[in-house]
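> predicted model and sequence below, questions to follow.
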Amino acid sequence: MGFGLPKKIIFTLLLVSVLVYLTRVGMADFLRLEPCSYIDAVQKRTVRVDPVILNKSRERLLLARTWDAGNPIIPEYLGQIAFIRAQLISLSPTVQAIFLREAIEHFDSAIVLRPNSAHLWAARMSAGSFLLETKARLGRNETLVDDEFSVTRQALRRAAELGPWEPSVLQQIVRVGNLRYREFSPEEREVIDGVVVRAKQLRLGI
């Protein structure tokens, strides 16, 4: 009987910990549903981008992250929001660069949590390529450009490897590949060529 009370205390503590964890995860999922649905609709072009709703979606996702920092969906969509905001500021490459660095930071965080996601690697590649374009408009810092292009190349290879038949992944690879084809190595050009073939087989209209 002497061990009965300690066992009950341990069981109660474990139960409380599980309930707290489930509550945090459930709250994070609840908070992220609306902004994620909105971003999905924007990307499918079923709704127009509204900067006010976009900012509210960002704030809601940041709140969701305080409840569940280990959910990779949250930084993924935070990255998508930052990427969309960069596209909206076409006349200011300085501001674009700020948003793109934010997008890259979020995508990198999501990749740490879900390293085998082709969609995350494709998003990281697209953001990196866009940042390189922006840096070219601002004036090139060769070291920073080389470092970013190195990561972008890695992201392209990983996206192609992990999502060889994912339409959105293929479309992004084709877009970046066509833009920077001459900058890639012969091996990477071979990867891009293979992606182009598969994209045409899927009739993606590239």
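Everything's here; your move. Numbering: from 1, shown residues only.

> where does this structure have low pLDDT?
The chain contains residues with pLDDT under 70 at 1-5, 11, 13, 15-26, 140-142.

> tell me where it has helices.
For the chain, the helices defined by DSSP state H occupy 4-43, 51-67, 73-88, 93-113, 118-138, 142-162, 167-179, 186-201.

> could you dump the ones you listed to JSON lines with mean neighbour count?
(Glycine included, C-beta is placed from N, CA and C.) Output for the helices of the chain, formatted as JSON lines (neighbours: other CB atoms under 10 Å):
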{"stretch": "helix 4-43", "mean neighbour count": "13"}
{"stretch": "helix 51-67", "mean neighbour count": "16"}
{"stretch": "helix 73-88", "mean neighbour count": "22"}
{"stretch": "helix 93-113", "mean neighbour count": "20"}
{"stretch": "helix 118-138", "mean neighbour count": "22"}
{"stretch": "helix 142-162", "mean neighbour count": "17"}
{"stretch": "helix 167-179", "mean neighbour count": "20"}
{"stretch": "helix 186-201", "mean neighbour count": "14"}
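
> gap between residue 60 and residue 74?
From residue 60 over to residue 74 the distance is 10 Å, taken as CB to CB, to the nearest Å.

> find the residues that touch each one of the two.
Jointly contacting residue 60 and residue 74 under the rule CB atoms under 8 Å, 6 or more residues apart in numbering are residue 32.

> for residue 34, list the residues it contacts.
Residues in contact with residue 34 (CB under 8 Å, 6+ apart) are 57, 60.

> if we use 10 Å, what do you get?
Shown in contact with residue 34 (CB atoms under 10 Å, 6 or more residues apart in numbering): 53, 56-57, 60-61.
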